[in-house]
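>>> pasting a predicted model and its sequence here:
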Amino acid sequence: MPPTVKSWFKTVQRLLIALCSVAICFLLNAQAIHALNDGQQIILESWSLVNQGYLDPTKFDQIHWRRLRQKALEQPITTSEEAYAAIERMLQPLGDPYTRLLRPIDYVALKASNLGSEINGVGLQLGARNDDGQIVVISPLEGSPAADAGVASGTALLKVNGESPQNLGLEATAARLRGEVGSQVIVELQTPNGENQEITLERRSVDLRPVRTRRLRNESHTIGYLRITQFSEGVPRQVKEALEELSEKEVEGLVLDLRNNSGGLVSSGLAVADAFLSNKPIVETRNREGINDAIPAGLETLYEGPMVTIVNGGTASASEILAGALQDNGRSQLIGSRTFGKGLIQSLSKLSDGSGLAVTVASYLTPNGTDIQNQGIEPDRLLDLPEPLNPGTSEDRWLQDAELLMSSTLDLKNLEKSAQKENLEGSGSIIDTSKIPMANQ
């Protein structure tokens, strides 16, 4: 046999042997996967979703991600609860409280809240504190038992019915707070000023009502007030209806209130931003490939008039996307206090047994490139503390400040129009609203 043919034959022979080896391994793996029970299948589903989409795959080598899968599958799994516990142990080394398993009842509750329906519980929206992972209150739901008890944004949960939230994790802590109407839960809290307290909350049905609106009238102006408490599925439609109603009432300006809005569906937040911005960038996202996708607003807007936006430490995630877009594009001043600082985006997937998995798949930056994760957004003007605990009511000092700022802006705008009409010197000057006094200063 000629040398070239002989070498070619050996090459082909080696290739065939390699292919056979791969085929044998594939068949063995296929048989192994086929032999998995239902609980092990859920573990494999969860591992695959994280493996394919997690924002920071460099962590996989650090925590021996494949070994964690193998270790989870080698355990005797005979019940759903054993499978859930194995998944939680597998996810724990990622150190990301937002990548988490949701048991079927928790998955249903989260989906229901995203649809804007009622929930049964104490009304606490939770997050993980930036520096130590402590479970803290992003915001209480308006009209909830927690809000009635005066629980403030930034309050740390030390115990829920005697259990440590740091040991339970984010989703399990939230599950402990939900329950039958009329039942009670004992929570030990640490307030933002460091005071420890124990309170008993009675669970009840909380109407989420994510969009609320009314008119603010004074001697000179009629101003619209729009409060959005979360970004659930129906919010863009409700905001559209609210803006149309305010337009019919001929409001001259708008106060947008995003206090205690802990986020929700990013798509809803983007749709609301689109209502105020015309062909301007809303947000820039970064996925695991490091690709930056600038998401722009459409050409048409629902409201083009002057506006001011109120934010606080309970303004998080999708509401921070909206606030950052309004601020960076010069569309609206932000007043209040620094926002929460959650700049991560999760995908939510349903597993085969009805449970769910939330996976952090992207981060986002404001149009000017500000990364708000662990930092939040600094408002254009800080308002006096203590923060009002009754947003939207007649006793709300921050709302009074916003109304005064908007009225002063409208007065200056009217003066400018008069000056332009009379062709006076100084027409067209830029209005510096930073020099407008606030009501409580």
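Here it is on my side, so go on.
>>> in the stretch 51-200 of the chain, where is pLDDT below threshold?
Along the stretch 51-200 of the chain, segments meeting pLDDT under 70 span 115-118, 129-132.
>>> which residues of the stretch 201-350 of the chain fall in helices?
Shown for the stretch 201-350 of the chain, the helices assigned by DSSP state H, counting those that start in this stretch span residues 235-248, 266-276, 318-328.
>>> now these in JSON lines, with mean pLDDT, mean neighbour count and distance to Ala86?
C-betas here are computed from N, CA, C, even on glycine. Formatted as JSON lines, the helices of the stretch 201-350 of the chain follow (pLDDT from 0 to 100; neighbours: other Cβ atoms under 10 Å; distance: least, Cβ to Cβ, whole Å):
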{"stretch": "helix 235-248", "mean pLDDT": "95", "mean neighbour count": "18", "distance to Ala86": "36"}
{"stretch": "helix 266-276", "mean pLDDT": "95", "mean neighbour count": "22", "distance to Ala86": "30"}
{"stretch": "helix 318-328", "mean pLDDT": "96", "mean neighbour count": "27", "distance to Ala86": "32"}
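>>> for Val50, find the nearest of those helices.
helix 266-276 (19.2 Å; Cβ to Cβ).
>>> hmm, who's touching the closest one?
If you take Cβ atoms under 8 Å, 6 or more residues apart in numbering as the criterion, helix 266-276 is touched by 228, 231-233, 235-236, 239-240, 243, 263, 282-283, 295, 297-298, 301-303, 307, 317-319, 321-322, 325-326, 331-332, 345.
>>> C-alpha coordinates for that helix, PDB please?
Output in PDB follows, covering the C-alpha atoms of helix 266-276 (Å, rounded to 0.1, in the frame of the first residue of the first chain):
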ATOM      1  CA  VAL A 266     -39.100  44.800  32.500                       C
ATOM      2  CA  SER A 267     -41.200  44.800  29.300                       C
ATOM      3  CA  SER A 268     -43.900  46.800  31.100                       C
ATOM      4  CA  GLY A 269     -41.400  49.300  32.300                       C
ATOM      5  CA  LEU A 270     -40.100  49.800  28.800                       C
ATOM      6  CA  ALA A 271     -43.600  50.300  27.400                       C
ATOM      7  CA  VAL A 272     -44.300  53.000  30.000                       C
ATOM      8  CA  ALA A 273     -41.000  54.700  29.200                       C
ATOM      9  CA  ASP A 274     -42.000  54.700  25.600                       C
ATOM     10  CA  ALA A 275     -45.100  56.700  26.500                       C
ATOM     11  CA  PHE A 276     -42.900  59.700  27.600                       C
END
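>>> give me the angle between that helix and helix 235-248.
Computed with axes from the mean of the first three to the mean of the last three Cα atoms, to 10 degrees, the direction of helix 266-276 lies at 20 degrees from that of helix 235-248.
>>> ok, and for stretch 148-168, which residues are buried?
148-149, 151-158, 160, 165-166, 168 (16 or more other Cβ atoms under 10 Å).
>>> C-terminal to the biggest strand by length in the chain, what's the next element?
Across the chain, the strand with the greatest residue count (assigned by DSSP state E) is strand 356-365. Per DSSP states H and E, the first helix or strand lying C-terminal to strand 356-365 is strand 381-382.
>>> other residues contacting the helix or strand harbouring Leu49?
According to DSSP H and E, Leu49 maps onto helix 38-53. With Cβ under 8 Å, 6+ apart as the test, helix 38-53 has contacts from 33, 36, 60, 65, 68-69, 72-73, 77-80, 82-84, 86-87, 90-91, 94, 99, 101, 288, 347, 349, 351-353, 355, 357, 359, 361.
>>> beyond that helix, next helix or strand please.
That would be, after helix 38-53 and using DSSP H and E, helix 58-63.
>>> ok, Gly253 touching Asp411?
No - when contacts are counted by Cβ atoms under 8 Å, Gly253 is not listed as touching Asp411 (10.7 Å).
>>> show me which of those two is the more surrounded one.
Taking neighbours as other Cβ atoms under 10 Å, Gly253 and Asp411 compare with Gly253 leading, 22 against 14.
>>> could you check the distance from that one over to Ala149?
Applying Cβ to Cβ, to the nearest Å, the value for Gly253 to Ala149 is 34 Å.
>>> hmm, back to that, average model confidence for the longest strand of the chain?
Per-residue pLDDT values over strand 356-365 give a mean of 94.
>>> equivalent analysis for stretch 207-219, please.
Rounded mean pLDDT across stretch 207-219 is 86.
>>> what's in contact with that stretch?
113, 116-119, 141-143, 222-232, 234-235, 238-239, 242, 245-246, 249, 251, 255, 264, 392, 399, 403, 407.
>>> what subset of those residues is buried?
Looks like these have 113, 116, 119, 141-142, 223-232, 235, 238-239, 242, 246, 251, 255, 264, 392, 399, 403, 407 buried, using 16+ other Cβ under 10 Å.
>>> among the residues you listed, which ones are in strands?
Using DSSP E, these in strands are 119, 223-228, 255.
>>> now for Leu102: which residues touch it?
110, 171, 355-358.
>>> gap between the two ends of stretch 367-383?
The first and final residues of stretch 367-383 sit 24 Å from each other (Cα to Cα, to the nearest Å).
>>> in it, what counts as buried?
Buried-residue list, stretch 367-383, by 16+ other Cβ under 10 Å: 367, 370, 372, 376-377, 379, 381, 383.
>>> on the three-state scheme, Leu389 is what?
coil (DSSP: H, G, I helix; E, B strand; the rest coil).
>>> wait, it touches Gly150, no?
Yes - between Leu389 and Gly150 there is a contact at 5.9 Å, judged by Cβ under 8 Å.
>>> pick out the most distant pair among the ones in strands among the buried ones among the contacts of stretch 207-219.
It's Ile119 and Ile223 that sit farthest apart of those, by Cβ to Cβ, at 31.7 Å.
>>> pretty sure Ser153 sits in a helix.
No - using three-state DSSP, the assignment for Ser153 is coil, not a helix.
>>> let me see the contact set for it.
137-140, 192, 260, 312-314, 340, 387.
>>> next one: the closest residue to it other than its chain neighbours relative to Arg69, how far apart?
Excluding the flanking residues, the one nearest Ser153 by Cβ to Cβ, 6 or more residues apart in numbering is Gly314, at 3.9 Å. Distance of Gly314 to Arg69, given as Cβ to Cβ: 37 Å.
>>> still on that earlier bit, would CSV of the buried residues of stretch 148-168 with distance to Arg176 be doable?
Formatted as CSV, the buried residues of stretch 148-168 follow (distance: Cβ to Cβ, whole Å):
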residue, distance to Arg176
Asp148, 19
Ala149, 17
Val151, 15
Ala152, 20
Ser153, 20
Gly154, 20
Thr155, 16
Ala156, 15
Leu157, 10
Leu158, 13
Val160, 5
Pro165, 8
Gln166, 13
Leu168, 7
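>>> so Leu243 versus Met307, what's the distance?
Counting by Cβ to Cβ, the gap from Leu243 to Met307 is 11 Å.
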